[in-house]
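[1] Any chance you can model this:
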Amino acid sequence: MFPYSRAVPRTHDKFIIPLTLLIALAPAVSGCSLFGERTEANTLVTGDGGTDPWCASSDDAWLIDDGADLKGPHFALSILCHYQGAEIPEDVAARADALADLPKAANGVEFLVNQIAHSPIYKAEFEDGETAAWIQVGDERTDLDALPAPGSFLAVAAPEGEDAVLWVEDDGRAQGLDLRTGERHDPVAAYYNGVAAESASLSGFNYVDFEVTDGTDSWFLTCPTPWAGATRNAWLDGRGWAEEGQVFMTVAFNWCHTYTEVAWVLDPETAVTVDGAGPIAWEEAATGTGSVQVAAIFSVPGDAAEIPIVFTPFGHAESVETGEPWAFVEDPEPTDWLARF
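    Have a look, this model is predicted:
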């Protein structure tokens with residue numbers, strides 16, 4: 001919890017982007033805003049907001065509990081505090097030189113000042129992705145050099161009633177946050193639909209003494225594993241974004257695969273199923289000990305909190321040396337899983 005009562009020294013802004021120049025009606029005087037000077041619409045000021053919140057949870061300015069959040073595969077941010085009006089409150093202006101120097105807003109214009117949370121509500125799922133951010137006020141767009149940093153601030157002068165939105169694009173998909181209300185624009189619904197978890201633990205399996213034969217010799221194969229898991233993602237590296245309303249669900253587990261003379265090879269189309277259908281992708285990675293790490297990827301509804309999964313080690317057995325097939329004496333029973341997110 002941040003301490004809300006500690007005094008915070010004024011910080012310096014990182015950069016100022018005037019979309020429309022300030023109109024001064026009298027000659028400039030160093031260090032002063034003259035009578036009649038006004039901040040015109042589409043003036044944007046950004047900078048470092050310091051290490052502490054600008055508001056407390058009991059303040060009207062507190063916005064982070066109202067869903068003012070965005071999440072993508074490679075970023076996450078939340079608006080912590082919000083101020084709106086023709087003038088910037090004195091205690092807020094004292095936080096940064098750039099805010100203190102702004103004259104009162106012109107007629108029909110208001111300031112929208114937002115501090116970005118130091119710790120966003122959501123967390124990014126992946127690293128090393130490219131994002132782009134911009135401010136859109138009506139038809140006027142201004143690109144930012146980078147995603148707003150934790151604790152930083154955005155102050156934009158916007159015409160009263162005009163849309164003012166912070167947009168963030170991640171791998172071609174843009175989402176916006178209203179700089180007045182914190183409302184999301186064009187959100188990726190799977191991130192915000194109340195499904196509580198991104199991963200679910202599954203119970204593993206234990207297949208013991210399954211006989212295979214080549215007509216002359218027999219082997220008894222056993223494959224236990226104590227764990228399996230399912231992970232849901234709206235975006236995956238190499239696959240991009242899931243279809244609208246869907247997410248990717250990856251079912252992962254360890255499979256024994258290779259024994260001394262025989263390999264037990266799973267069928268990618270039938271070994272793991274959801275609603276009777278096989279995965280849209282199947283990946284195997286050798287472990288170096290004869291087993292493989294399996295990842296079966298499905299497309300499932302993004303709002304589903306429970307997904308039934310059936311694992312049956314259908315496939316075939318074959319000679320490690322020659323690849324000749326071995327027959328199962330009996331079929332293995334299925335293992336039923338329920339992924340709870």
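
[2] what's the first-to-last distance across stretch 91-107?
    Terminal residues of stretch 91-107 are spaced 23 Å apart (Cα to Cα, to the nearest Å).

[3] So which bits of it are buried?
    Val92, Ala93, Arg95, Ala96, Ala98, Leu99, Asp101, Leu102, Pro103, Lys104, Ala105, Ala106 (16 or more other Cβ atoms under 10 Å). Just so you know, the C-beta spots here come from the backbone N, C-alpha and C atoms, and that holds for glycine as well.

[4] try stretch 248-264
    If you call a residue buried by 16+ other Cβ under 10 Å, then stretch 248-264 has these buried ones: 248-259, 262-264.

[5] what is the mean pLDDT for it?
    Across stretch 248-264, the average pLDDT comes to 95.

[6] what distance separates that stretch from the centre of its chain?
    In terms of Cα atoms, centre = their mean, to the nearest Å, the centre of stretch 248-264 is found 30 Å from the chain centre.

[7] Any idea how far apart the tips of that stretch sit?
    Terminal residues of stretch 248-264 are spaced 27 Å apart (Cα to Cα).

[8] Kindly report the same for stretch 90-98.
    With Cα to Cα, one end of stretch 90-98 sits 13 Å from the other.

[9] same thing with stretch 271-278?
    End-to-end distance (Cα to Cα), stretch 271-278: 8 Å.

[10] Equivalent analysis for stretch 46-64, please.
    Stretch 46-64 has an end-to-end distance of 19 Å (Cα to Cα).

[11] pLDDT of that stretch, averaged?
    In the prediction, stretch 46-64 has an average pLDDT of 96.

[12] Check the gap between Phe220 and Asp209 for me.
    Separation of Phe220 from Asp209 (Cβ to Cβ, to the nearest Å): 5 Å.

[13] To clarify, my last question referred to Ser218.
    Taking Cβ to Cβ, one finds Ser218 at 11 Å from Asp209.

[14] Please say which of those two ends up with more neighbours.
    Between Ser218 and Asp209, counting by other Cβ atoms under 10 Å, Ser218 is the more crowded of the two (13 against 8).

[15] so the more buried one touches Glu211, yeah?
    Yes: using Cβ atoms under 8 Å, Ser218 is in contact with Glu211, at 5.5 Å.

[16] what touches both of those two?
    Residues touching both Ser218 and Glu211 (Cβ atoms under 8 Å, 6 or more residues apart in numbering): Val329.

[17] quick one, what contacts the closest residue to Leu99 other than its chain neighbours?
    For Leu99, ignoring the flanking residues on the chain, the nearest one in space by Cβ to Cβ, 6 or more residues apart in numbering is Ala93 at 4.5 Å. Applying Cβ under 8 Å, 6+ apart, we find Ala93 in contact with Leu99, Ala100, Leu102.

[18] Quick one: those residues as CSV, columns for pLDDT too.
    Formatted as CSV, those follow (pLDDT from 0 to 100):
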residue, pLDDT
Leu99, 96
Ala100, 94
Leu102, 94
